[in-house]
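[1] Build me a structure from this.
(2 chains)
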Amino acid sequence: MFKVQMIQAEFGDCLLLEYGSAATPRYTLIDGGPPHTFDDHLEGVLKPIGSAGNKLDLAMLSHVDKDHVVGLLDLLARLRSDAVTDPTGDTRLIAIDGLWHNSFARALDVHGTLAPRLAAATQSTSSVLAAEATRGVAEGNALRLAARVLGLPTNVGFPNDLICVDDAPAPVVFDNLSLTVVGPTQTNLDELRDQWETWLVAHEDAVASGNPVVLANSDRSIPNLSSIMVLAEADGKSLLLTGDGRSDHLLDGLAQAGRLDAAGRCHVDVLKVSHHGSDRNATKTFFRKVTADRYLISANGKDGNPDLPTLTWIVETAADENRPIEILLTNATPSTQQLVQDLDPQTHGYELTFLPPGESSLTVVLAP
Amino acid sequence: MATKRVIAYYMHEGEEAQASAALQNIERTESYVLGEVDDAGLAQLRAQGLIVQELPAQTPAETPGRSFDVAPGLRRTGQVERGAPSAAVLASDIPPTDRPTYYLLQLAGPLIESWRADLLNVGVTLLEHVPPNSYKALLTLAEASQVRNLPFVVGVHFYSREDTGVLLRPQADPVPSGLRVPRPFDLRLQPGAAPDAVLTWLADHHLQIAGAKGRKIRVFAFADSPLLDELAMLPDVERIEEYIEPTLHNDVARELLGIDPPSANGGPGIGLTGQGQVVGIADTGFDDTHPDFQGRVVGVVALGRPNDSSDPHGHGTHVAGSVLGDGTDSGGALRGAAPGAQLFFQSLLDANGGLGGLPFDLDDLFEEAYQAGARIHNNSWGAATRSMYTLNSSEVDEFVARRRDMLIVISAGNEGTASQPVQSQPGFVDWLSIGSPASAKNALVVGASRSRRTAATEGLAGLTYGDVWPDDFPAPPIASQRVSGDAEAMAAFSSRGPCDDRRIKPDLVAPGTDIVSTKSSRAPLRNFWGPLAGAPRYAFLGGTSMSAPLVAGCAALVREFYVSQRQHDPSAALLKATLINGTRRLTAQDSIADHNVVPNFHQGFGCIHLPSTLPSAMHPALRLEFLDTWQSPADQFQRSGQRFRFQVSVAGGEDLRLCLTWTDPPDRGLQNSLVLLVQSLQTQEKWVANANLPLAIQSPDPDNNVQVVHIPQAPAGNYLIQILARNLLKPDQDYALVVTGSLTGPITPF
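    The predicted structure follows:
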């Protein structure tokens, strides 16, 4: 069995992998979504699983950003509450065996030089956006602390407490599921560190010139790019989990992990489209190189996500090759409406599927 | 033989005669003699039992901010750092000839009355004290020349750009890439200066004005802008400082504390609940559906979000519970310090999660609560300004000076760190991290000690400081100590004193780790230090944010005591004196690091302790007597040197504690300085208040408006109490004195 549930996370990400067998299903949670995702949806999804005596093999945070981390913080806070109320654990929401998460310090700031500058930049009252971008750093620390309080093992098996392609041991296996880290690479991280430097300069110049547009673009993009990306495989099917990562980094990682063919391409059964379908994270070329039968997009229109160009690239690259595809989305947005108007689904060979309004999740079956 | 300039304090007429005989070139006051003496004469006077204070050797130029220098981490801009001075810069050091401008006059000692009269004779009124011995005055060039000729004036200098200064955070230093971010700066105008000229100048130079009220103007500028230095040269600008935005005082901790039920501070035996007292709280928001406050809320106002005073964060409701939650939802088990008190709540949380509800001038915040009946006001927030006395601090002092019966309680801040110790030993928490407005003189400022909790299920009690805040506490011993458990120890994150004008802060400490209090139903558990088993309407939190409301609640008990048991309407100074008077000294290694005395820079005057604060069934031998002169002008100080003498009779067997406080006029450093002296009339032994003050340059202490004498196991007998005005720039000055011990009667005139 291999399934993935897209949980309603509005402008964030929250995915639940289900594998094992129908008799003994097993689970991995990828990201927790923004505020309210846990209370409104995730808790309800996890409750029957825990009640049936099943657990999460792993909870993974792709990167420290509010729209991915808060639901995990809420989950761990809830588990702490369950633990102090009933030390036997019998009544807890669900058990978790481990956490994957890259801290800002481990991933990008090994020398500790960026944090002080970042702090200085974000102390400017005129850069609310910068404060927003870095708030994830504190929330990442909060996640580590919560895991520590719960005694939840973090990054087990990864040397240097860092999850990256270079340091990844052999694929991590849970029953029939195999997880291969395909991003970031150490080179990506080194490059990102340089870009942080550049970002700081750009930010400073943007503030100095009072250019809010530059600010907006430079502020929010960088922290997203340190996403952990994972190729999940079970029963001969594959699911590529990309967080908010950059497409070129994903290609680097796939190459380094030996997952690109001679033409530099990779096909998976399901691709979780990076960064809620933002067109800043991908190119049309990327969707030519990394193809899928089904594309998952978690977004609700905030910040324009999913961007129409992203949707168009996905549809056009598939249509060019006569590959019928399905795009599954958590919410209908102006861009999805526009897509249907621009490119007729019938003639372009694609299907749009939405998580039904009012429901908590949409299940995609890779292998029954 | 070299002579020294000294003040000889006398308590009896015989001593006055001795001092007058020994000193040369004397000036007499009602309580001390000012004059010169050589070393032999000085030793002889002291052998005769007089308290003699050596005045510091005269330094040519005292300037604001110089006495403790600028706090580490803050720096001034200035000509030196700018390279070659321009012509304009040089011009700033030349006073205008055509109109009066501001000068600093340095005197040869305290402002005694004959000197004040001489100054008045040449038409000079001193405006502000710049400790230790300088004063600001508005003078014409001609007056400046006249003043220079007065024998007791040892220095006169134009109030120049260097005095105004521009205080910046260290982050404003250029970083490798050249960080350039416009920052808000607050200008304070000289006393009596009209804002028009400065506002016009700002407009002419295209500086964006963010606000203006009274003596404060806020502008945006780049930290390296030459305009700041030009601004500092304007004669009407007294001071320029970067405005640093306040945050909640559990941010470092990012949450919670659990409240040991405040009964641990006094227990049911105190017999007070804060009945009849209204406590104002300015914080995130308030969950008015919580059962623990029902029927006791006199008002809730929304200052940060239109018509929305709810508490999606959880901080404000937790703070409110520590002050006055009555434990209804926990069967009475989890109560705040004053469960009978009433609440006036001001919601500050804005839509962006900041404290945007704070007004431009804090006077507006406090006055609103005052009008609602609050006489105690809790503020668990502040800016990380490294012990600097900021405009916000000055606004607190100004408000209390105007509303002398409103006690403002402020958390010290959570900026305590051992990461790069400058003054402290390795592994211990460094000094000079008090926030603002916590650096105010007239507030009661509260640091955090550890609670007693030890269970891993209780908040963060199972972890060490190194576990939770590895960056701030990287090394033992603090790194390996538990967050809670040792109630004799400080919470490592608690901000440390002193202030940048040498004053002791915090005033006292109270438990501030793993505190249980009321949880807003809208606040997610992730905002707290931990849940409480089986009690979803409560949670753990920590920070000096949690210590302050415990003290505010205790202040409500003390206020109820004065109103109901003594039929007295207490001043803020009296409440502050009473609480500080009853503190106990914390004894753990980190509480007494560097200076094994109280007051010190970690715990201030000690940890709040109600059994030794108020008379109660818990401590039947304790009797409390007090003087509180805010409503009796005849008992207030009118002139330098004036004294009041009293005596008390003691049965013996108890500690004798005395605490003098007064509400000082606003501005950095004490404007009026009072001294407390005590003498046993049996043994003639004398005690000088704050005698153990760390790094004291002078004794009696001229820097603190809290003066404490503690005589352990005081022998039976009569004790003379002398309170004197060492230096009184701005009469009239009221004061509050609290005396506790095995007193056999009231305080009587001597």
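[2] alpha carbons only for contacts and neighbour counts from here, please
    OK.
[3] Which residue would be the closest one in the stretch 451-600 of chain B to chain A?
    Residue nearest to chain A within the stretch 451-600 of chain B: B:Ala533 (4.3 Å; C-alpha to the nearest C-alpha).
[4] That residue contacts A:Arg80, correct?
    No - counting by C-alpha atoms under 8 Å, B:Ala533 sits too far from A:Arg80 to count as a contact (9.5 Å).
[5] before we move on, back to that, quick one, what contacts the residue of the stretch 451-600 of chain B closest to chain A?
    By C-alpha atoms under 8 Å, 6 or more residues apart in numbering or on different chains, the contact list for B:Ala533 reads A:Ser81, A:Val84, A:Thr85, A:Asp86.
[6] Mind giving me the ChimeraX select for these, buried ones only?
    Remark: buried members of those, expressed as a ChimeraX selection using 16 or more other C-alpha atoms under 10 Å in any protein chain shown:
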select /A:81,84,85
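[7] Also near chain B: which of the contacts of B:Ala533, exactly?
    Among those, proximity to chain B is found for A:Ser81, A:Val84, A:Thr85, A:Asp86 (C-alpha under 8 Å from any C-alpha of the partner chain).
[8] Please produce CSV containing those residues, extended by pLDDT and secondary structure.
    Conversion of those to CSV gives the following (pLDDT from 0 to 100; DSSP: H, G, I helix; E, B strand; the rest coil):
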residue, pLDDT, secondary structure
A:Ser81, 95, helix
A:Val84, 92, helix
A:Thr85, 90, helix
A:Asp86, 90, coil
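[9] just curious, which of the residues you listed is nearest to B:Ala383?
    Lowest distance from B:Ala383 to the ones next to chain B among the contacts of B:Ala533 (C-alpha to C-alpha) belongs to A:Ser81, with 32.2 Å.
[10] Which of the three states applies to B:Ala401?
    helix (DSSP: H, G, I helix; E, B strand; the rest coil).
[11] ok, it - contacts?
    Applying C-alpha under 8 Å, 6+ apart, we find B:Ala401 in contact with B:Asn442, B:Thr663, B:Asp664, B:Pro665, B:Pro666.
[12] Would you check that B:Ala223 makes contact with B:Pro182?
    Yes - using C-alpha under 8 Å, B:Ala223 is in contact with B:Pro182, at 6.8 Å.
[13] that older thread, can you list the contacts of B:Ala533 in JSON lines and add distance to B:Ala338?
    Output for these, formatted as JSON lines (distance: C-alpha to C-alpha, whole Å):
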{"residue": "A:Ser81", "distance to B:Ala338": "28"}
{"residue": "A:Val84", "distance to B:Ala338": "28"}
{"residue": "A:Thr85", "distance to B:Ala338": "28"}
{"residue": "A:Asp86", "distance to B:Ala338": "32"}
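[14] nearest to chain B, of the contacts of B:Ala533?
    Set against chain B, the nearest of these by C-alpha to the nearest C-alpha is A:Thr85 (4.3 Å).
[15] correct me, but the closest one touches B:Gly534?
    Yes - if you go by C-alpha under 8 Å, A:Thr85 and B:Gly534 touch, sitting 5.5 Å apart.
[16] So B:Thr740, which state does it fall into?
    When classified by three-state DSSP, B:Thr740 comes out as strand.
[17] Please report how far it lies from B:Pro421.
    Per C-alpha to C-alpha, to the nearest Å, B:Thr740 is found 38 Å from B:Pro421.
[18] which of those two has more neighbours?
    Ranked by neighbour count (other C-alpha atoms under 10 Å in any protein chain shown), B:Thr740 and B:Pro421 place B:Thr740 first, with 26 against 14.
[19] Could you list the low-confidence segments of the chain?
    No chain specified, so I'll use chain A. A:115-137, A:200, A:202-225 (pLDDT under 70).
[20] meant chain B, my bad for not saying
    Residue ranges of chain B with pLDDT under 70: B:1, B:58-97, B:168-181, B:249-269.
[21] how about the strands in the stretch 451-600 of chain B?
    B:508-511, B:515-518, B:530-531, B:538-542 (DSSP state E, counting those that start in this stretch).
[22] quick one: contacts of the shortest one?
    By C-alpha under 8 Å, 6+ apart, the residues outside strand B:530-531 that reach it are A:77, A:80-81, A:84, B:256, B:458-460, B:525, B:538-541.
[23] switch to 7 Å and redo it
    Strand B:530-531 is contacted from outside by A:Ser81, B:Glu458, B:Gly459, B:Leu525, B:Ala539, B:Phe540, using C-alpha atoms under 7 Å, 6 or more residues apart in numbering or on different chains.
[24] Closest one to B:Gly354 out of these, please.
    Taking C-alpha to C-alpha as the measure, B:Leu525 is the one of those closest to B:Gly354, at 19.1 Å.
[25] Just give me the neighbour total for the residue lying closest to B:Ser330 once chain neighbours are set aside.
    In this structure, B:Ser330 finds its nearest non-sequential neighbour in B:Ala535, 7.4 Å apart by C-alpha to C-alpha, 6 or more residues apart in numbering or on different chains. By other C-alpha under 10 Å, the residues close to B:Ala535 number 14.
[26] Next one: B:Leu303 from chain A, what distance?
    Distance of B:Leu303 to chain A, given as C-alpha to the nearest C-alpha, to the nearest Å: 19 Å.
[27] go on, B:Leu55?
    Computed as C-alpha to the nearest C-alpha, the B:Leu55 to chain A distance reads 43 Å.
[28] Pull the contacting residues for that residue.
    So B:Leu55 contacts B:Arg5, B:Val6 (C-alpha under 7 Å, 6+ apart).
[29] Next, B:Gly316: secondary structure please.
    Quick answer, by three-state DSSP: B:Gly316 is helix.
[30] What about it, how many residues nearby?
    Neighbours of B:Gly316 using other C-alpha under 10 Å come to 31.
[31] got it, and the one 4 residues further on?
    Applying other C-alpha under 10 Å, we find 33 other residues in the vicinity of B:Ala320.
[32] Stretch B:605-617: which residues count as buried?
    Neighbour-count burial for stretch B:605-617 flags B:Phe605, B:Gly606, B:Cys607, B:Ile608, B:His609, B:Leu610, B:Pro611, B:Ser612, B:Thr613, B:Leu614, B:Pro615, B:Ser616 (criterion: 16+ other C-alpha under 10 Å).
[33] got these as JSON lines, with secondary structure and distance to B:Gly435 columns?
    Below are those laid out as JSON lines (DSSP: H, G, I helix; E, B strand; the rest coil; distance: C-alpha to C-alpha, whole Å):
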{"residue": "B:Phe605", "secondary structure": "coil", "distance to B:Gly435": "18"}
{"residue": "B:Gly606", "secondary structure": "coil", "distance to B:Gly435": "19"}
{"residue": "B:Cys607", "secondary structure": "strand", "distance to B:Gly435": "19"}
{"residue": "B:Ile608", "secondary structure": "coil", "distance to B:Gly435": "20"}
{"residue": "B:His609", "secondary structure": "coil", "distance to B:Gly435": "24"}
{"residue": "B:Leu610", "secondary structure": "helix", "distance to B:Gly435": "26"}
{"residue": "B:Pro611", "secondary structure": "helix", "distance to B:Gly435": "29"}
{"residue": "B:Ser612", "secondary structure": "helix", "distance to B:Gly435": "29"}
{"residue": "B:Thr613", "secondary structure": "coil", "distance to B:Gly435": "27"}
{"residue": "B:Leu614", "secondary structure": "coil", "distance to B:Gly435": "30"}
{"residue": "B:Pro615", "secondary structure": "coil", "distance to B:Gly435": "33"}
{"residue": "B:Ser616", "secondary structure": "strand", "distance to B:Gly435": "35"}
